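Novice: Here's a sequence, model it:
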Amino acid sequence: MEQLFNVDTGSNADAEPRKSRRTAGKTTPAPVRMEIAGAVTGDTPGPNSTADHELHQLRCDECIGVYYGKMMPDLEKKLKDNRVRRGCHYCGTETSYYCWGCHRFLCFTAPKNTAKKEPKYFTVNTPILDREGEVCVTTDTSPSGEPTLQYKSRVEVGMWTCYHAAHQKGWKMHMQLNRSKILSVGKRTRRNSM
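Specialist: As a prediction, the model looks like this:
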């Protein structure tokens, strides 16, 4: 049989270091250690519990959705099926996605099978900053003829999911408390970009 490719295999001594370098480059790093987002309080209701847990509800209302991601089994356990799935806290759809702040399984799809009709989208009114880093203001005349000031903003649209619905109260409270900080970061960014 005729050789199709002219490949120089080199010596066996050269092959060993190449193999070990490739293996070393493919090793998985250790898990990233994150800061705590919540605490195990014993107040989280079980999957079939109908009891009213006020402390759990308070934790859910104040959660801003930190460390939202796919739940995995303990690293020490060697399981054949490495999926962890539960019903979404909001709509009941089976999901692996979990919030480590409020300790709820929440799917990242449009809410289904909920008692009330849910919107398809959410909007964010993002303020527009001028060259000095201040929020742009326009003067409008009201129906009574008096001039009124309006802040310029851009409306941005996103898909509404169970994750958003479950964290809405916490986000609203967080954004209202930190509005000046959020705008000051925008001002610094605007000034630094010039």
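
Novice: got any ranges where this protein has weak pLDDT?
Specialist: Counting by pLDDT under 70, the chain shows low-confidence ranges at 1-25, 42-44, 46-52, 75-83, 132-133, 141-142, 147-149, 186-194.

Novice: Let's see that with 80 instead.
Specialist: Scanning the chain for pLDDT under 80 picks out 1-32, 34-56, 73-84, 113-116, 129-152, 182-194.

Novice: Would you map the strands across it?
Specialist: Under the criterion DSSP state E, strands of the chain are mapped to 68-70, 86-87, 94-95, 97-99, 104-105, 121-127, 137-141, 147-151, 153-159.

Novice: buried stuff in the longest helix along the chain?
Specialist: Among the elements of the chain assigned as helix by DSSP state H, the one spanning the most residues is helix 162-177. By 16 or more other C-beta atoms under 10 Å, the buried positions in helix 162-177 come out as Cys162, Tyr163, His164, Ala165, Ala166, His167, Gly170, His174. Every C-beta, even on glycine, is put in place using the N, C-alpha and C of the backbone.

Novice: follow-up on the earlier one: columns mean neighbour count and distance to Lys26 on top of the strands of the chain, output as TSV?
Specialist: Formatted as TSV, those follow (neighbours: other C-beta atoms under 10 Å; distance: least, C-beta to C-beta, whole Å):
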stretch	mean neighbour count	distance to Lys26
strand 68-70	13	22
strand 86-87	14	33
strand 94-95	16	31
strand 97-99	21	28
strand 104-105	22	32
strand 121-127	12	41
strand 137-141	9	56
strand 147-151	9	52
strand 153-159	10	36
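
Novice: what's the closest of those strands to Gln57?
Specialist: strand 104-105 (11.1 Å; C-beta to C-beta).

Novice: What strands line up against the closest one, and which way round?
Specialist: For strand 104-105, sheet partners with direction are given as strand 97-99 (antiparallel), following DSSP bridges.

Novice: between the strands of the chain, which gets nearest to Ser184?
Specialist: Ser184 lies closest to strand 121-127 among these, at 12.1 Å (C-beta to C-beta).

Novice: who does that closest one touch, helix- and strand-wise?
Specialist: Based on contacts counted as 3 or more C-beta pairs under 8 Å, 6 or more residues apart in numbering; DSSP states H and E, the elements that strand 121-127 packs against are strand 153-159.

Novice: name the helices or strands packed onto the strand it packs on?
Specialist: The helices and strands touching strand 153-159, judged by 3+ C-beta pairs under 8 Å, 6+ apart, are strand 121-127.

Novice: Can you dump the C-alpha atoms of the strand it packs on in PDB for me?
Specialist: Written as PDB, here are the backbone C-alpha positions of strand 121-127 (Å, rounded to 0.1, in the frame of the first residue of the first chain):
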ATOM      1  CA  TYR A 121     -41.800  40.800  27.600                       C
ATOM      2  CA  PHE A 122     -40.400  43.200  30.100                       C
ATOM      3  CA  THR A 123     -39.100  46.700  29.500                       C
ATOM      4  CA  VAL A 124     -36.400  48.700  31.100                       C
ATOM      5  CA  ASN A 125     -36.300  52.500  30.800                       C
ATOM      6  CA  THR A 126     -32.600  53.200  30.700                       C
ATOM      7  CA  PRO A 127     -31.700  56.900  31.300                       C
END
